[in-house]
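> Return a 3D structure for these sequence lines:
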Amino acid sequence: MQFLHKTLKKPSKAAIVICSIIAAIAVVALVFFIVANSFVNTQNFYDGIYIGDVSVGGMTKESAAQAIADRYATALDADITLRCGEQQQVLNLLDLEAALDTQTIIDNAYNTCRDGNFFHRLAAVYNLKGNPVVYPPTITYNEDAVKDVLNTFSASVDQPGKEMELTISGAELTITKGVPGNGINIVKALENFKNTALTLSDGVFVAEAEHITPKEPVASEIFEQIASEPVDASYTIENRKMIVTEHKDGISFDIDAAQKIIDQSTGDTIVIPVTVTPPEMTTEKLQAGLFPDLLGSYSSRYNAKDTARSYNVSLAAQKINEIVLAPGDVFSYNDIVGPRTTAHGFRVANVYVGNRIEPGVGGGICQVSSTLFNAVVLADLKIVYRTNHSLPVSYVPLGRDATVSYGSIDFKFANSTNHPIKVVSYATGGTNLVSIYGVKENPGRTISISTECIGTRPPYLTQKEDPNLPEGTIKVEQAGSSGSTYNTYKIISENGKVVKTEFLTKSTYVPGERIEIIGTGPVEETEAVNGDVPPLEEGEAPVTGEEGVIPPASENPALPETEEPMATSAPESVATPAPSESPLTSMMTNPAA
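Next up is the predicted model:
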């Protein structure tokens, strides 16, 4: 223990001082590193960075963007004098759609001194204090407009030069040699304009005229410029419209042979033979194969003298015209035709509202949806959603109408083929025609439509007494119409022989109210008003032609349809049994078959 005690000595004062100094240096270094790290890794701009004459040091990206926007807002609305020699022209930046290129400026300035390791960045940031970096307040503009101005202005300069031009016609490449002269270097002028337009001290932009020496034609360089492989024509469908990208022919030529022709030429133009290779799919071939077949077509008639309704029919037909569906796409009538409002161009005409006829915006558009429905069935496409009217309409047979109401009732069908299809529609001169084109995948197949009446109901009878009419006199105020229920079938034939009958839809039309005025006054020795009309028996057709009577749909060629919700289901029982004739009646054959 005594030996151990003797070997442990207290550290000398010098050692303590040295250790203290080392510790202090370490603390200072640590503090310096923490401060320097915070300084280098700041999220704000470094001091010594300028955008134009705006110092953005210490600013955030957002505050810097606002600062330069405020500083150069007036400059963006200024006039600039474009000058070259004695020629000059006044331009307005806003006319050229000039705007501060804020995002590019901010990103470039912010990334200053942020590359490399920590010590490299620290040195660069420190160097900014004595050597600030200035970024120009660059602008964006309508490049085509500025190019047009510069090209026109350059043409006013004496002895304008012209670069070599290349033209391909048929199997020949024509090289027109350039012309030397003085002119504005458009590429250089555009770059200078972008960088200096906002900082011109006197508002004058000088585009220096340069001596232009056009490039001499070199076969290998020209080959790199124009040679290409053939590109097939193609199409895309965007917003239900077909967009065709035209084909490009392949271009090639013998470089060595072309160079010999160039070397031996003495004129201003040189003709080089080229090999033109068309692609497998040309634009003409693509377009011819897109919609080669008429899949189905249907037409309906309307009263052209009813101008408001005719206008609505025509407008709706225009809206669905040229609509293209890719395989599997679903057509929505409401989506394509849009809201039925005056703001969207529709006019006021009669529509069904419940079981009544009232004026409403868009009356007539259901004729187009009904005509389209028939064309779709005859084209053998899939019906996704369809609803019949509550009351009969005249422009299509019963069971073959399709009502719509924006926001509630739609007509939808799908392109159930393996190729694109196109809807072609027009309404003029009292005829609405809808046709569907595509590829007929089963050439021997034809489609027809048949309907079967499975029940009828008489009109609802309302009688009102009128003491001003002689007793026993009946005056029909409203004829009404019988209600009915129809099944609709799609008949599929192969090579002229029926192979399948598909149930398509069930349509129920409610009876229209029949209103009779019953005379209760004293009988006079005079002819009854409108003649005596017996009461309507159950199942009997309504009387037509009386004053104030709306004929039933089958006799009224211009009866408008509704956009309101309609009854679609049949009652549990019907008032009158189905006719004893053949169950499939009113057959209509596909006009395209």
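> low-confidence ranges in the stretch 401-550 of the chain?
Residues of the stretch 401-550 of the chain that meet the criterion pLDDT under 70 lie in 524-550.
> For residue 458, see how far away the closest residue to residue 510 other than its chain neighbours is.
The spatially closest residue to residue 510, leaving aside those adjacent along the chain, is residue 483, at 5.0 Å (C-beta to C-beta, 6 or more residues apart in numbering). (Glycine included, C-beta is placed from N, CA and C.) Residue 483 sits 8 Å away from residue 458 when distances are taken as C-beta to C-beta, to the nearest Å.
> What of residue 293?
46 Å.
> what do you get for residue 295?
From residue 295 across to residue 458, the span is 41 Å (C-beta to C-beta).
> And residue 471, by the same measure?
Distance, residue 471 to residue 458, using C-beta to C-beta: 25 Å.
> and what of residue 477?
Noted for residue 477: a distance of 17 Å to residue 458, by C-beta to C-beta.
> what does residue 397 give?
According to C-beta to C-beta, residue 397 and residue 458 sit 21 Å apart.
> Same check on residue 270?
91 Å.
> And for residue 46?
If you measure residue 46 against residue 458 using C-beta to C-beta, the figure is 92 Å.
> higher neighbour count, these two?
Higher neighbour count among residue 46 and residue 458: residue 46, with 24 against 20, using other C-beta atoms under 10 Å.
> which SS class is that one?
Assigned with DSSP: H, G, I helix; E, B strand; the rest coil, residue 46 falls in the coil class.
> What residues of stretch 192-203 count as buried?
For stretch 192-203, the buried set under the neighbour-count rule, 16 or more other C-beta atoms under 10 Å, comprises 193-194, 196-198.
> Of those, which belong to helices?
Secondary structure assignment by DSSP state H places 193-194, 196 of the buried residues of stretch 192-203 in helices.
> Show me the strands paired with the helix or strand hosting residue 183, marking each as parallel or antiparallel.
Following DSSP states H and E, one finds residue 183 within strand 181-184. Strand 181-184 has the following strand partners under DSSP bridges: strand 209-212 (antiparallel).
> which secondary structure elements does the helix or strand following the strand it pairs with contact?
Note on strand 209-212: by DSSP H and E, the next helix or strand toward the C-terminus is helix 219-226. Other elements packing on helix 219-226 under the criterion 3 or more C-beta pairs under 8 Å, 6 or more residues apart in numbering; DSSP states H and E are strand 165-169, strand 172-176, helix 255-264.
> contacting residues for the nearest residue to residue 296 once chain neighbours are set aside?
With C-beta to C-beta, 6+ apart as the criterion, residue 296 has its nearest non-adjacent residue at 3.0 Å, and that residue is residue 379. For residue 379, the set of contacting residues under the criterion of C-beta atoms under 8 Å, 6 or more residues apart in numbering consists of 295-296, 421, 436, 438, 447, 592.
> how near is residue 379 to residue 249?
With the distance defined as C-beta to C-beta, residue 379 ends up 36 Å from residue 249.
> Can you give me the separation between the nearest residue to residue 197 once chain neighbours are set aside and residue 100?
Distances taken as C-beta to C-beta, 6+ apart put residue 139 closest to residue 197, at 5.5 Å, once the chain neighbours are dropped. Using C-beta to C-beta, we find residue 139 at a distance of 6 Å from residue 100.
> The two: which is more packed in?
Between residue 139 and residue 100, counted using other C-beta under 10 Å, the more crowded position is residue 139 (24 against 21).
> roughly how far apart are that one and residue 153?
With distances taken as C-beta to C-beta, residue 139 is found 19 Å from residue 153.
> Count residues in the vicinity of the nearest residue to residue 444 once chain neighbours are set aside, would you?
Sequence neighbours aside, residue 495 is the residue nearest to residue 444 in space, at 4.5 Å (criterion: C-beta to C-beta, 6+ apart). Residue crowding around residue 495 was assessed by other C-beta under 10 Å; the count is 9.
> and what of residue 41?
Residue 41: 10 neighbours (other C-beta under 10 Å).
> likewise the one 4 residues further on?
With neighbours defined by other C-beta under 10 Å, the count for residue 45 comes to 22.
> again with the one 4 residues further on
For residue 49, the tally of surrounding residues (other C-beta under 10 Å) stands at 23.
> and it, what is it in contact with?
Contacts of residue 49 by C-beta under 8 Å, 6+ apart are 55-57, 109, 112, 128, 132-133, 135.
> Lowest-confidence entry in those residues?
Model confidence across the contacts of residue 49 bottoms out at residue 128, which has 83.
> What residues does that one make contact with?
Here residue 128 is in contact with 46-49, 112-113 (criterion: C-beta under 8 Å, 6+ apart).
> Now do the end-to-end distance for stretch 162-173.
The first and last residues of stretch 162-173 sit 19 Å apart, counting by C-alpha to C-alpha, to the nearest Å.
> Would you agree residue 147 is in contact with residue 190?
Yes - taking contact to mean C-beta atoms under 8 Å, the distance of 7.1 Å between residue 147 and residue 190 places them in contact.
> could you pull out the helices for the stretch 401-550 of the chain?
Taking DSSP state H, counting those that start in this stretch as the criterion, the stretch 401-550 of the chain carries no helices.
> That one: strands as residue ranges?
Under the criterion DSSP state E, counting those that start in this stretch, the stretch 401-550 of the chain carries strands at the ranges 412-414, 421-428, 431-438, 445-457, 461-470, 474-478, 483-494, 497-509, 514-521.
> Need the winner for burial among the ones you listed.
Among those, the stretch with the highest mean neighbour count (mean count of other C-beta atoms under 10 Å) is strand 431-438, at a mean of 22.
> I'd like to know which elements it is packed against.
Under the contact criterion of 3+ C-beta pairs under 8 Å, 6+ apart, strand 431-438 touches strand 293-301, helix 307-320, helix 365-378, strand 421-428.
> how about the CA coordinates for it, as CSV?
Extracted in CSV, the C-alpha atoms of strand 431-438 (Å, rounded to 0.1, in the frame of the first residue of the first chain):
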residue,chain,number,x,y,z
THR,A,431,-86.6,14.4,-89.3
ASN,A,432,-84.2,13.3,-86.5
LEU,A,433,-81.8,10.6,-87.7
VAL,A,434,-79.3,8.8,-85.4
SER,A,435,-76.8,6.3,-86.9
ILE,A,436,-74.1,4.3,-85.2
TYR,A,437,-70.9,3.3,-87.0
GLY,A,438,-68.2,0.8,-86.1
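> Please list the residues outside it that contact it.
By C-beta under 8 Å, 6+ apart, the residues outside strand 431-438 that reach it are 291-302, 313, 317, 320, 367-368, 371-372, 374-376, 379, 381, 395, 415, 417, 419-427, 592.
> Could you rerun that using 7 Å?
For strand 431-438, the surrounding residues in contact (C-beta atoms under 7 Å, 6 or more residues apart in numbering) are 291, 293-302, 313, 317, 367-368, 371-372, 375-376, 379, 417, 419-426.
> Ramachandran angles for residue 342?
With angles defined as degrees, to the nearest 10, residue 342 shows backbone torsions of phi -70, psi -30.
> is it true that it touches residue 349?
No - with contact taken as C-beta atoms under 7 Å, residue 342 and residue 349 are classed as non-touching, separated by 11.9 Å.
> more neighbours, the two?
Between residue 342 and residue 349, counted using other C-beta under 10 Å, the more crowded position is residue 349 (21 against 10).
> Tell me how far the more buried one lies from residue 481.
The gap separating residue 349 from residue 481 is 20 Å, by C-beta to C-beta.
> now do residue 436
Relative to residue 481, residue 436 is positioned 32 Å away (criterion: C-beta to C-beta).
> If we go by neighbour counts, what in stretch 245-252 is buried?
Neighbour counts over stretch 245-252 (16+ other C-beta under 10 Å) mark 247-249, 251 as buried.
> Dump those to CSV, plus distance to residue 257, secondary structure and pLDDT.
Compiled in CSV, the buried residues of stretch 245-252 are given as follows (distance: C-beta to C-beta, whole Å; DSSP: H, G, I helix; E, B strand; the rest coil; pLDDT from 0 to 100):
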residue, distance to residue 257, secondary structure, pLDDT
247, 27, coil, 95
248, 24, strand, 94
249, 20, coil, 94
251, 15, strand, 96
